[in-house]
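> Can you look at this prediction? I've put the sequence above it.
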There are 2 protein chains.
Amino acid sequence: MIKAVLFDTFGTIVDWRSSIARESAVFAKAHEILNFDGDEFARRWRAGYRPGMAKVTTGERPWVSIDVIHRERLDEILPQFGLSMLDETERDHLNRAWHRLTPWPDSVAGLQRIKSKYLISPLSNGSVVLLSTMAKRAGIPWDFIFSSDMHRAYKKNPVVYQNAIRLLGMAPDEIMMVAAHNADLEAARNEGMRTGYINRPTEYGVDQTVDFEATSDWDIIANSVEEVADGLDCPLAW
Amino acid sequence: MIKAVLFDTFGTIVDWRSSIARESAVFAKAHEILNFDGDEFARRWRAGYRPGMAKVTTGERPWVSIDVIHRERLDEILPQFGLSMLDETERDHLNRAWHRLTPWPDSVAGLQRIKSKYLISPLSNGSVVLLSTMAKRAGIPWDFIFSSDMHRAYKKNPVVYQNAIRLLGMAPDEIMMVAAHNADLEAARNEGMRTGYINRPTEYGVDQTVDFEATSDWDIIANSVEEVADGLDCPLAW
């Protein structure tokens, strides 16, 4: 009997690549940068994400929030795109583009359906302000938010999944983790959680090398949040 | 510039006394208890709340969630009301009446208005499951939830307010604490937060001895969540 369904957010619920491409293109245009490739900018920015978190997880540096990791990488890549002239206010605003990511077309409708039967929350590497701002803007109807800064750890650190289970006070198999990333589900399954895979084969665009399909027998295997709702026998929405 | 508004929940947003009186009366009737006083039952149950948390705060016992504190007190008072015969399932269901408390009439409308301008969250001694279940049932539109089990501490332990400030990554005076309890606001002000008082003179019924009025010059002094919304210049709702 599942009681709560937790979702990876970046890539699973929201389409970070097109959101970041769109917002960065606005800055490039304002600064008259020609031939700016927003998609490349988004992918290059995102490439700093895992290495940034790894330094925290290995203990190479103390806890820093994802906003700091995003900002350091932003400062690193701006010169590569001719955008060194962005001032502090512009950099801060652009960094918060990660707070304004837009959902995949199926996400909000699917989450509304799942919410009608279960508690729903992100289990994300985002911060509480990032995740709640994003949800507020886009109408993502979380019941509550599990953010990395509450755990002071990033996935796939087992501590993140263990904390979520402890806070919910439920048996691990009463909780389902849903993600577009097989490794996330593997870490959740290791803690005894149920698992749901959503195929998002265009998440990384030309950089995508993995997660084109489920690589294990996850409890649900789907192509959208709506299909996860189907798999969980949630009533149809409007 | 305020960015987030945090709310005490029991007594400030929801009316625990009438909710508990109503639910306990159902059990009493089912077990043919005559002259059952649901209001007295609610107040007697609630009287175990502060002493229960105090044992955790003083270190007399290790962390336990509010559900455990509620349940221990329930087991203690059931015999006093002729309800010793309640079995485990009934006790568990009755204990979760605290997950099903109903809002004061002004709460949801006021929170919707405040949510349109600010991030809103409880800063409550409830657990994440208690607070999210309550919100889901009653349509309380939290953006996210700060629960005692995340901090592993109860108000007025300063750790609770300090953790909230840290997690929000905001200056303390960008955050407002709203409560029907002067002592809660005093603790919040000690950490540099802004404060909003809501007068709830009937919260405890005949047991009420304090909090009939603001005892300090809080930033906002109101008689409802709607009046807090007015004080924060939030647009009128439908």
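In hand now; what should we look at?

> Buried residues of stretch A:47-67, list them for me.
A:48-49, A:52-53, A:56, A:64-67 (16 or more other CB atoms under 10 Å in any protein chain shown). To be clear about C-beta, it is placed using only N, CA and C from the backbone, and glycine gets the same treatment.

> Nearest residue to residue A:11 in space, ignoring adjacent ones along the chain?
Spatial nearest neighbour of residue A:11, chain neighbours left out: residue A:203 (4.3 Å); criterion: CB to CB, 6 or more residues apart in numbering or on different chains.

> which residues sit in contact with the one you found?
Residues in contact with residue A:203, defined by CB atoms under 8 Å, 6 or more residues apart in numbering or on different chains, are A:11, A:15-17, A:180, A:211.

> mind checking the SS state of it?
coil (DSSP: H, G, I helix; E, B strand; the rest coil).

> Per-residue pLDDT of it, please?
Per-residue pLDDT puts residue A:203 at 96.

> now it: how far from residue B:102?
Using CB to CB, to the nearest Å, one gets 42 Å for the distance from residue A:203 to residue B:102.

> ok, back up a step: mind picking the two most distant members of the buried residues of stretch A:47-67?
Greatest spatial distance among these (CB to CB): A:48 and A:65, at 14.5 Å.

> Filter the contacts of residue A:203 down to the buried ones, PyMOL style.
Buried subset of the contacts of residue A:203, written as a PyMOL selection, criterion 16+ other CB under 10 Å:
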select buried, chain A and resi 11+15+16+17+180+211
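
> Let's see which of the contacts of residue A:203 end up in helices.
The helices, defined by DSSP state H, take in A:16-17 from these.

> So which bits of chain A are right by chain B?
Contact residues, chain A versus chain B (CB under 8 Å from any CB of the partner chain): A:65, A:67, A:115, A:119, A:121, A:127-129, A:131-133, A:135-136, A:142-145, A:147, A:149-150, A:166-170.

> Can you list phi and psi of the nearest residue to residue A:157 once chain neighbours are set aside for me?
Counting by CB to CB, 6+ apart, residue A:57 is the residue found nearest to residue A:157 once chain neighbours are left out, at 5.5 Å. Note on residue A:57: backbone dihedrals following degrees, to the nearest 10 are phi -70, psi -40.

> isn't residue A:57 right up against residue A:153?
Yes. Residue A:57 lies in contact with residue A:153 (CB atoms under 8 Å); the separation is 7.2 Å.

> Where do the domain boundaries of chain A fall?
Partitioning chain A according to automatic domain parsing yields domains covering residues A:4-15+A:101-231, A:16-99.

> residue ranges for the strands of chain A, please.
Counting by DSSP state E, chain A has strands at residues A:4-7, A:119-122, A:175-179, A:194-198, A:220-222.

> Report all helices and strands that the first one contacts.
Spelled out, that is strand A:4-7. With contacts taken as 3 or more CB pairs under 8 Å, 6 or more residues apart in numbering or on different chains; DSSP states H and E, strand A:4-7 sits against strand A:119-122, strand A:175-179.

> Check the last one too.
The contact analysis (3+ CB pairs under 8 Å, 6+ apart) places strand A:220-222 against strand A:194-198, helix A:225-231.

> so how many other residues sit close to the nearest residue to residue A:22 once chain neighbours are set aside?
Computed as CB to CB, 6+ apart, the closest residue to residue A:22 that is not its neighbour in sequence is residue A:38, at 6.5 Å. Counted with other CB atoms under 10 Å in any protein chain shown, the neighbours of residue A:38 add up to 20.

> And the residue of chain A most remote from its centre, its phi and psi?
Largest separation from the mean C-alpha position in chain A: residue A:32, at 31.0 Å (CA atoms, centre = their mean). The phi and psi values for residue A:32, taken as degrees, to the nearest 10, are phi 50, psi 40.

> For residue A:82, see how far away it is.
Residue A:32 is 10 Å from residue A:82, by CB to CB.

> before we move on, what about residue A:227?
Taking CB to CB, one finds residue A:227 at 42 Å from residue A:82.

> Looking at the two, which has the bigger crowd around it?
Taking other CB under 10 Å, residue A:227 and residue A:82 do not tie; residue A:227 has more neighbours (17 against 14).

> Report the contact partners of that one.
Residue A:227 touches A:106, A:110, A:198, A:220, counting by CB under 8 Å, 6+ apart.

> So the third one sits against residue A:226, correct?
No. Taking contact to mean CB under 8 Å, the distance of 9.8 Å between residue A:198 and residue A:226 leaves them out of contact.

> From chain B, how far out is the nearest residue to residue A:49 once chain neighbours are set aside?
Leaving aside its sequence neighbours, residue A:49 sits nearest to residue A:69 (CB to CB, 6+ apart; 6.8 Å). Between residue A:69 and chain B the distance, using CB to the nearest CB, to the nearest Å, works out to 14 Å.

> Tell me how many other residues crowd residue A:69.
Using other CB under 10 Å, residue A:69 is surrounded by 22 other residues.

> Same question for residue A:197.
For residue A:197, using other CB under 10 Å, the count is 27.

> swap in residue A:139?
Neighbours of residue A:139 using other CB under 10 Å come to 11.
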